[in-house]
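Q: generate a structure from the sequence data that follows.
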Amino acid sequence: MHSYLRAIGFSKVNTRADLDKIIGMVMDQPTVSYVTSKSEKTVLTEISRDFSERMGITLRGEYDEKGFFHLEHYFPHFRGQVISTKEEVAINKRVDTDAYTGMCDDIRLGVSLIFYLQNVIDYIDLKKEKGDHSIMAPITLSGLSTSGKILFGINKDEKEKENKTLETKKRNKLIADARNGDQEAIDSLTIDDIDLLATVSRRAKQEDIYSIVDTSFIPYGSESDNYSIVGTIMDVKLIQNELTKESIYDLIIECNDLIYEICINKIDILGEPEVGRRFKGNIWMQGFINFSE
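A: Purely as a prediction, here's the structure:
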């Protein structure tokens, strides 16, 4: 049973029989399906059904020469609407399932960004045409969460916001120079990190850590595409799973200057999401790569 089904409104799916009913609905009444040839005798297929706008379940498997569908893998999906980044991305097949992950380096995060690839068929078609290599393309990120809480935002005046923007631009340039082997940039980043650690350690003795740390993006757990985040809420929508009638929060989050959407079941969030407040929780990161650009 996929642990993130509850994030899209299936919190009461507890048995295999419950899941099989939903999988049957996806196969009988798909919203969209994609196919590509895998061999002369099999066709690789993705079948998706949305149970709300841009949110649903995707099945991935093969049709054999007799027309029988063999399910290899399924996952809950949530498709974002905001292009989060445009970077060179490497795509790798996972060992345990018939799934793929993308990995790119975005200097705003400070860590390699790994996400679950939603549009695998598009990648396989591109791979047949151009071979297996890294791709520079726009990436639309989205996240699913099964638990989270709302924190108050940090009040900043216009001067503080302007200074933060200038500091971010300066740091991003230093990181880019450091990647190119600039020793002066490496030394400057090291000194900045030491100063930052000292400042945080001193302030943490008298202040709450979340009044010091505005946003954060940290790998979480044993899965490479899971993250623990603190992000500022830029927009809030309450949507509904058409089948179960469960309410889902659709949040646009700004986290370390990266913008993406996340969805979380209303029963799994503590607090009331509002623009300007912050979301703290663990997410499973997914991504849609626009290979055509």
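
Q: next, the contact list for residue 241, please.
A: 8, 9, 10, 51, 52, 55, 248 (C-beta atoms under 8 Å, 6 or more residues apart in numbering). The C-beta positions use only the backbone N, C-alpha and C, and glycine is treated the same way.

Q: identify the residue nearest the second one in space, chain neighbours excluded?
A: On the basis of C-beta to C-beta, 6 or more residues apart in numbering, the spatially nearest residue to residue 9 that is not a chain neighbour turns out to be residue 241, at 2.8 Å.

Q: and the one you found, how close does it get to residue 50?
A: Applying C-beta to C-beta, to the nearest Å, the value for residue 241 to residue 50 is 10 Å.

Q: give the full set of residues in contact with residue 248.
A: By C-beta under 8 Å, 6+ apart, the contact set of residue 248 is 7-9, 52, 55, 238-241, 263-266.

Q: that one looks like it's in a helix, true?
A: No - counting by DSSP: H, G, I helix; E, B strand; the rest coil, residue 248 is located in no helix; its state is strand.

Q: mind pulling up the pLDDT for it?
A: Residue 248 is assigned 97 on the pLDDT scale.

Q: in this structure, where is pLDDT below threshold?
A: 1, 38-40, 157, 160-163, 172, 179, 293 (pLDDT under 70).

Q: neighbours of residue 159, how many?
A: 8 (other C-beta atoms under 10 Å).

Q: may I have the helix or strand containing it as CSV, with CA atoms only?
A: Assigned by DSSP states H and E, residue 159 falls within helix 158-179. Taking C-alpha atoms only, helix 158-179 is exported to CSV below (Å, rounded to 0.1, in the frame of the first residue of the first chain):
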residue,chain,number,x,y,z
GLU,A,158,11.2,46.3,2.7
LYS,A,159,14.9,47.1,3.6
GLU,A,160,15.3,43.6,5.1
LYS,A,161,13.8,42.0,2.0
GLU,A,162,16.1,43.9,-0.3
ASN,A,163,19.1,43.0,1.8
LYS,A,164,18.1,39.3,1.8
THR,A,165,17.7,39.4,-2.0
LEU,A,166,21.2,41.0,-2.5
GLU,A,167,22.8,38.5,-0.1
THR,A,168,21.2,35.6,-1.9
LYS,A,169,22.4,36.8,-5.3
LYS,A,170,25.9,37.3,-3.9
ARG,A,171,25.9,33.8,-2.4
ASN,A,172,24.6,32.1,-5.5
LYS,A,173,27.4,33.8,-7.6
LEU,A,174,30.0,32.6,-5.1
ILE,A,175,28.6,29.0,-5.3
ALA,A,176,28.7,29.1,-9.1
ASP,A,177,32.3,30.4,-9.0
ALA,A,178,33.3,27.8,-6.4
ARG,A,179,31.9,25.0,-8.7
